[in-house]
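# sharing a model prediction with you, sequence too.
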Amino acid sequence: MIKNIQDTTTLNNGVKMPWLGFGVFKVEDGQVVVDAVKSAIKNGYRSIDTAAFYDNEQGVGQGIKESGVPREELFITSKVWNADQGYESTLQAFETSLKKLGLDYLDLYLVHWPVKDKYKETWRALEKVYKEGKVRSIGVSNFNIHHLEDLLKDSEVKPVINQVEYHPHLTQVELREFCEKQEIQLEAWSPLKKGILLSEPAIVEIANKHQKTPSQVILRWDLQNKVVTIPKSIKEHRIIENANLFDFSLLEEEMEKINSLNKNDRTGADPDNFNF
């Protein structure tokens, strides 16, 4: 049972990663993201998830620096964007991200999307920075089963993470089972489906029963499904609320009721058909 915000899962290379993290997708760079990151860290979060595409790595780095928490106590993730994929360009993009963040190393670096004919070369670059000790672990994002199978055929290092869109309307059961068999940790982005799920009657009913909010119920469902999750907010009361998940648990029948809400419905692009 996951008992507090700093509880971790052990990735397939032995690195420990917090189950609950803080996402900064589309959070404005500058003071807005600096304050959000500082607020998250002050309230117990130790995992921060950004990406080159979010265009806020500099502010995230500033927030980390101003938090006063030692670097080794934090788990920092970034991602290589599609336009930078390929071997040499990924190596360059990695150094750019490090520089913007003001860090000597990353804890996790991800391939943001499976760009056709490029993601394997991109992965070779990630293997290089991993072997050089510039990043503690490497993984992927938005990869379907066939992308993972293709990558695993030729890779020297197995991805530790697959970060995908995951919520009660998109439960990704087959992908979850595949990742579990391969010891690749699943991680959820958009866990609240951009707020759409907060008025889902079944979730509201369960939330009322536990005297919790719908968002807390959904995030708890993630954790009990053994999925790492990274909710985003810039409001301190929401940042605190999203972390207040450890004084209740969902019953098996409540988990099943939420599982049954699946519609295979995405808010983001399909990894087999995306244009960025």
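Thanks, I have it. Numbering: from 1, shown residues only.
# tally of neighbours for Thr8?
By the criterion of other CB atoms under 10 Å, Thr8 has 16 neighbours. Quick note: C-beta positions are derived from backbone N, CA and C, even for glycine.
# repeat that for Gln224.
Using other CB under 10 Å, the number of residues around Gln224 comes to 18.
# and what of the one 4 residues further on?
By the other CB under 10 Å criterion, the neighbourhood of Val228 contains 24 residues.
# for Asn244, see how far away Val115 is.
38 Å (CB to CB, to the nearest Å).
# so between those two, which is more surrounded?
Val115 (20 against 16).
# dump the residue contacts of the nearest residue in space to Ser215 that is not next to it in sequence.
Spatial nearest neighbour of Ser215, chain neighbours left out: Leu192 (5.5 Å); criterion: CB to CB, 6 or more residues apart in numbering. By CB atoms under 8 Å, 6 or more residues apart in numbering, the contact list for Leu192 reads His167, Leu198, Ser215, Ile218, Leu219, Pro231.
# what does the last one show for phi and psi?
Geometry field for Pro231 lists phi and psi as phi -60, psi 150, criterion degrees, to the nearest 10.
# now it, nearest residue through space, not along the chain?
The shortest distance from Pro231 to any residue other than its chain neighbours is 4.4 Å, reached at Asn242 (CB to CB, 6+ apart).
# ok, that neighbour - contacts?
Residues in contact with Asn242, defined by CB under 8 Å, 6+ apart, are Leu20, Ser215, Gln216, Leu219, Pro231, Ser233.
# distance to Ile138 and secondary structure added to the residues you listed, as CSV?
Putting the contacts of Asn242 into CSV (distance: CB to CB, whole Å; DSSP: H, G, I helix; E, B strand; the rest coil) gives the following:
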residue, distance to Ile138, secondary structure
Leu20, 21, strand
Ser215, 30, helix
Gln216, 31, helix
Leu219, 26, helix
Pro231, 23, coil
Ser233, 27, coil
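# next, format these as TSV and append neighbour count and pLDDT.
Converted to TSV, the contacts of Asn242 look like this (neighbours: other CB atoms under 10 Å; pLDDT from 0 to 100):
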residue	neighbour count	pLDDT
Leu20	25	98
Ser215	21	97
Gln216	20	98
Leu219	25	98
Pro231	26	96
Ser233	20	93
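# re the thing from before, from Cys179, how far out is the residue nearest to Pro231?
24 Å.
# and Ser249, by the same measure?
Going from Ser249 to Cys179 by CB to CB gives 23 Å.
# show me which of those two is the more surrounded one.
Counted by other CB under 10 Å, Ser249 and Cys179 do not tie: Cys179 has more neighbours, with 22 against 14.
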